[in-house]
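1. Sequence plus the predicted model coming up.
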Amino acid sequence: MGRILTEKDVEAAVRGGSVYAAGGGGWADHGRMLGYAAVSIGKPELVTIDELDDDDWVATAAAIGAPASTTNWEMQGIDYVKAVELLQEALGEPLKALMIGQNGKSSTLNGWLPSAILGTKVLDAVGDVRAHPTGDMGSIGMANSPEQMIQTAVGGNRAENRYMELVIRGATAKVSPVLRTASDQSGGFIASCRNPLRASYVRKNAALGGISLALTLGEAIIAADGKGGHAIIDAIVRTTGGSILIEAEVTDKSVVYTNEAFDVGTLTLGKDDKAITMHVMNEYMAVEDAGGHRLATFPDIISTLSPDGEPMSVGQLQPGMRVFLLHVPKTIIPLSSSVKDPSVYPIAETALGISIADYALA
């Protein structure tokens, strides 16, 4: 039997998702808006892959853009629902469940409102346990596929006449950048539903149990609330199985917003021979010590926590702030086929000017 998601699950999903946001992953308040709207108007249901038939259609509910930037984005809960409706219309068959491309401050909850309104199940599966910059990284092996996929996008700043609806068919690698451009035109953040696939395919290619991981982590964080920052950080380390690489001050930040709707650059923690460089493409993609030695690389979970135990996004961090750097190696999390796909890495390697695939695929 599935698990009906309730009010108490909303905060757990947001808090756990915020750690897995890996420095990106949207807005916590947007996640709460989606979650509370869903549980107040319906009964979103979380199901495992074993509760679906092999032939059931599963699509990915996602949000596209870089809303850590200063753009004037607007996305309403109903946009996620409309994106699902447009996809079902184009497919000509009902979707049984929605998975998500990644965990994040709001993305962990992307499937909840369509579940409450349309009855699609929230599948306990993710394209990536952590947040990542490109849709391909959460596309569960479809990035390089020549197969025609359907993708939809809905949303935009209404006051600036930027609201749009988009239905596009094509190979994932060719249509994903179109959706990213739409996101930029809409104001920087847009709701999407994409890549309808059979449950049998999802079973083999998604990171199964990824939403439960976020909920369990969130529950541990909430249980530590009120006991101080150290107790929260300890709960995060214990629950994720990760470790704190360094506790240090942010000494430098050079991150720019690109017209591909990415935030790209570096953050430096500490100084001199103790300095650590964090490579940013919306999220934290790699960490190096002062000697250029790689300490962590996507799809490892890399997250910055304030001394109060609050996950800090790239957009929140400023020089002078003290942070704890959390690292959870990829060896202890479920991995999807898309993070093992060499074709998803060149775009990030080009943007960052570093190697990622050598480490990610090792």
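-> Alright, I've got the coordinates.
2. the bottom helix or strand of the chain by mean pLDDT?
-> When each helix and strand of the chain is scored by mean pLDDT, DSSP states H and E, helix 172-186 comes last, with a mean of 89.
3. show me where pLDDT drops low in the protein?
-> Along the chain, segments meeting pLDDT under 70 span 25, 66-71, 261.
4. domains for it, by residue range?
-> Domain assignment of the chain by automatic domain parsing yields the ranges 3-210, 227-360.
5. Save those domains as JSON lines, and put in distance to residue 218 and mean neighbour count too.
-> C-beta: built from backbone N, CA, C; applies to glycine. Formatted as JSON lines, these follow (distance: least, Cβ to Cβ, whole Å; neighbours: other Cβ atoms under 10 Å):
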{"stretch": "domain 3-210", "distance to residue 218": "3", "mean neighbour count": "22"}
{"stretch": "domain 227-360", "distance to residue 218": "9", "mean neighbour count": "18"}
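6. Present the ones you listed as TSV; the columns should include distance to residue 219.
-> Listed next are those as TSV, based on distance: least, Cβ to Cβ, whole Å:
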stretch	distance to residue 219
domain 3-210	5
domain 227-360	9
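7. what's across from the residue lying closest to residue 243 once chain neighbours are set aside in the sheet?
-> Distances taken as Cβ to Cβ, 6 or more residues apart in numbering place residue 327 nearest to residue 243, at 5.8 Å, with adjacent residues excluded. Taking DSSP bridges, one finds residue 243, residue 302 as the beta-bridge partners of residue 327.
8. which residues touch residue 327?
-> Contacts were defined as Cβ atoms under 8 Å, 6 or more residues apart in numbering; by that measure residue 327 touches 242, 243, 244, 245, 287, 295, 296, 300, 301, 302.
9. Against residue 360, how distant is it?
-> 14 Å (Cβ to Cβ, to the nearest Å).
10. Of all the domains of the chain, which one comes closest to residue 220?
-> Within the domains of the chain, the stretch nearest residue 220 is domain 227-360; the backing value is 4.3 Å (Cβ to Cβ).
11. mind checking how far residue 207 is from residue 27?
-> Distance from residue 207 to residue 27, by Cβ to Cβ: 23 Å.
12. Also residue 126?
-> Counting by Cβ to Cβ, the gap from residue 126 to residue 27 is 19 Å.
13. cool, residue 224 as well?
-> From residue 224 across to residue 27, the span is 23 Å (Cβ to Cβ).
14. repeat for residue 227
-> On the measure of Cβ to Cβ, residue 227 and residue 27 end up 26 Å apart.
15. Tell me which residues are up against the host helix or strand of residue 86.
-> Secondary structure from DSSP states H and E places residue 86 in helix 77-91. Contacting residues not belonging to helix 77-91 are listed as 33-34, 37-38, 57, 59, 61, 63, 94-95, 98, 110, 113-114, 117-118, 120, 150-155, 165, 167, 169, 190-194, 196 [Cβ under 8 Å, 6+ apart].
16. any idea which helix or strand comes after that helix?
-> strand 97-100.
17. could you dump that next one to CSV, C-alpha only?
-> Presented in CSV, the C-alpha positions along strand 97-100 are these (Å, rounded to 0.1, in the frame of the first residue of the first chain):
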residue,chain,number,x,y,z
ALA,A,97,2.8,8.1,-11.6
LEU,A,98,5.3,11.0,-11.5
MET,A,99,8.9,10.7,-10.5
ILE,A,100,11.2,13.7,-10.1
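18. Who are the packing partners of that strand?
-> strand 57-65, strand 121-126 (3 or more Cβ pairs under 8 Å, 6 or more residues apart in numbering; DSSP states H and E).
19. at 10 Å what do you get?
-> strand 45-47, strand 57-65, helix 77-91, helix 112-118, strand 121-126, strand 189-198, helix 199-205, helix 210-224 (3 or more Cβ pairs under 10 Å, 6 or more residues apart in numbering; DSSP states H and E).
20. any idea of the angle the fifth one forms with strand 57-65?
-> Right, strand 121-126. 70 degrees (axes from the mean of the first three to the mean of the last three Cα atoms, to 10 degrees).
21. Paired strands for the helix or strand just after strand 121-126, with orientation please.
-> Once the chain leaves strand 121-126, the next helix or strand it forms, by DSSP H and E, is strand 148-155. Using DSSP bridges, strand 148-155 pairs in its sheet with strand 164-171 (antiparallel), strand 189-198 (antiparallel).
22. Just the CA atoms of the helix or strand hosting residue 348, as CSV, please.
-> Per DSSP H and E: residue 348 is located in helix 346-352. Taking Å, rounded to 0.1, in the frame of the first residue of the first chain, the C-alpha atoms of helix 346-352 are listed here in CSV:
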residue,chain,number,x,y,z
PRO,A,346,30.8,17.6,-21.4
ILE,A,347,28.4,20.5,-20.9
ALA,A,348,29.4,20.8,-17.2
GLU,A,349,33.0,20.2,-17.9
THR,A,350,33.0,23.0,-20.6
ALA,A,351,31.2,25.4,-18.3
LEU,A,352,33.5,24.7,-15.3
